[in-house]
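> Fold the following, please.
(one chain, ligands or ions: 1)
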Amino acid sequence: MSLVSEFLGQLTLQLGDVETTYPTVVPTPNFDPDKDGVRIETAIKTKGVDEQTIIDVLTKRTYAQRREIAFAYEKRAKKDMITALKGALSGNLETVILGLMKSTAQYDASEIKASIKGLGTDEESLIEILCSRSNAELMDIKKVYKELFKKDLEKDVAGDTSGDFAKLLLALVQTKRDEPESVIDYQKIDEDARALYEAGVKRKGTDVKCWISIMSERSVPHLQKVFDRYKSYSPYDMQESIRKEVKGDLEKSFLTLVQCFENKQLYFANKLQDAMKSKGANEKVLTRIIVSRCEVDLKKIRQEFKAHHGKSLYQTIAEHTKGDYQKALLSLCAGDD
Ligand SMILES: [Ca+2]
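I've put the predicted structure just below:
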């Protein structure tokens, strides 16, 4: 490879990787894994288990730091920290803490696996993860999925879904999305906008294949401009068009994609609001979003939540959860707005 193309290769790679993060969980300063390992060991050994210490330590460390604590713990206690935590904790707190012991990609891969294993499929989880993650995140998930479960994510997704819904998810898992380009291609924006219109609102039925290829292969900044341009062809915006043209899981998937292209953090804020609209909470969704986004963009999700729902995410979690589970989530939320 010539020097120039190698340099260009690195440049594109970097462009694609620059997704600014807005974590609520950040590295703790003056980190001492040995000391933390001792605190966890004592907390687990305490009669009745000292959950507060486990929460204080593990929700205030990053994944990388938690790995170091686990290593220090294992050296000292001569046993696996995750197994020990599993034995000591229960219920929703256990789910949160064990989730934190996985990297974001491992967590996503495990959630996908859990959503397709056994009879039936948890389409909601599957759609949320596959339609909201960036191309780079999906590549990581695929790699980790293979390492953890010795199976191809593509094959598992294809084996568990069907029809156009399966085709869309597979197209996403194939990670063919373009990287953002520095030059805006107005002609292509116009062509794609017109193609989306002609494949949907303009014709009888829907050419789903065309929608899938545009939405799974174009870069996010390009698509944002396409949806804007789309309004000059169609009387309905892209989301309205999706609602008119397709139904069921396919509709939900396309909507999730478009909402994430437009404002991913608002999408998660709205999902959190939905998960806490009745008296209690949809704990599965709540846990999944907080655990999977706390080192990615939870801080920005908090801002969108407050801006669109009037109340802060912190207050809302405080009202809809209780006990140690609540303490863990609030600590991960890391601040009121
Ligand atoms: Ca149509």
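
> need the helices for the stretch 101-250 of the chain, in chain order.
104-116, 123-132, 135-149, 153-160, 163-173, 186-199, 208-217, 220-230, 238-245, 248-275 (DSSP state H, counting those that start in this stretch).

> Show me which residues of the first one are buried.
Same thing as helix 104-116. The neighbour-count check on helix 104-116 (16 or more other CB atoms under 10 Å) flags T104, A105, Q106, Y107, D108, A109, S110, E111, I112, S115, I116 as buried. Glycine gets a C-beta too; all of them are placed from N, C-alpha and C.

> One more: the third one?
When burial is assessed from 16+ other CB under 10 Å, helix 135-149 yields the following buried residues: N135, A136, E137, L138, D140, I141, K142, V144, Y145.

> out of those, who's nearest L250?
L138 (18.9 Å; CB to CB).

> which of the helices of the stretch 101-250 of the chain has the lowest average pLDDT?
Of all the helices of the stretch 101-250 of the chain, mean pLDDT reaches its minimum on helix 153-160 (a mean of 92).

> now what about that helix, what contacts it?
Outside of helix 153-160, the residues within contact range by CB atoms under 8 Å, 6 or more residues apart in numbering are 109, 112-113, 116, 121, 126, 130, 141-142, 145-146, 149, 166, 169-170, 173-174.

> got it, and stretch 134-142?
16-17, 19, 104-105, 108-109, 112, 129-130, 133, 152-154, 172-173, 175, 177, 179, 220.

> Show me which of these are buried.
Of the contacts of stretch 134-142, these count as buried by 16+ other CB under 10 Å: 16, 104-105, 108-109, 112, 129-130, 133, 153, 172-173, 175, 177, 220.

> hmm, back to that, of the buried residues of helix 104-116, just say which sits nearest to E251.
Nearest to E251 among the buried residues of helix 104-116, with distances taken as CB to CB, is S115, at 18.5 Å.

> The closest one and T161, how far apart?
Distance of S115 to T161, computed by CB to CB, to the nearest Å: 11 Å.

> which residues are in contact with both of these two?
T121, E123, L126.

> Give me the pLDDT value at the first one.
If you check T121, the pLDDT there is 85.

> what's near enough to touch it?
S115, D160, T161.

> Outline the domain layout of the protein.
33-100, 105-173, 186-261, 264-333 (automatic domain parsing).

> could you redo the ones you listed as JSON lines and give each row distance to P27?
Below are the domains of the chain laid out as JSON lines (distance: least, CB to CB, whole Å):
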{"stretch": "domain 33-100", "distance to P27": "5"}
{"stretch": "domain 105-173", "distance to P27": "18"}
{"stretch": "domain 186-261", "distance to P27": "27"}
{"stretch": "domain 264-333", "distance to P27": "10"}
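
> which of the ones you listed sits most buried?
The highest average neighbour count among the domains of the chain, using mean count of other CB atoms under 10 Å, belongs to domain 264-333 at a mean of 20.

> End to end on it, go ahead and measure it.
18 Å (CA to CA, to the nearest Å).

> The residue nearest to T321 when sequence neighbours are not counted: what secondary structure?
Among residues not flanking T321 along the chain, A281 sits closest, at 5.7 Å (CB to CB, 6 or more residues apart in numbering). Under DSSP: H, G, I helix; E, B strand; the rest coil, the three-state class of A281 is coil.

> correct me, but A281 touches E319?
No - contact criterion CB atoms under 8 Å: A281 and E319 do not qualify, at 9.2 Å.

> could you dump the contacts of T121 to a markdown table with distance to L58?
Formatted as a markdown table, the contacts of T121 follow (distance: CB to CB, whole Å):
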| residue | distance to L58 |
| --- | --- |
| S115 | 25 |
| D160 | 32 |
| T161 | 35 |
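
> between these, which is nearest K264?
S115 (19.9 Å).

> Contacts only, for that closest one.
T121, D122, E123, S125, L126, I129.

> Check D185 too.
H222.

> Pull up the per-residue confidence for K117.
83.

> what helix or strand does the closest residue to T62 other than its chain neighbours sit in?
For T62, ignoring the flanking residues on the chain, the nearest one in space by CB to CB, 6+ apart is P27 at 5.1 Å. For P27, there is no enclosing helix or strand under DSSP states H and E.

> now P27: how far from Y63?
10 Å.

> and if you look at L257?
For L257 relative to Y63 (CB to CB), the value is 27 Å.

> One more: L98?
For L98, the distance to Y63 - CB to CB - is 13 Å.

> Same question for T206.
From T206 to Y63 the distance is 41 Å (CB to CB).
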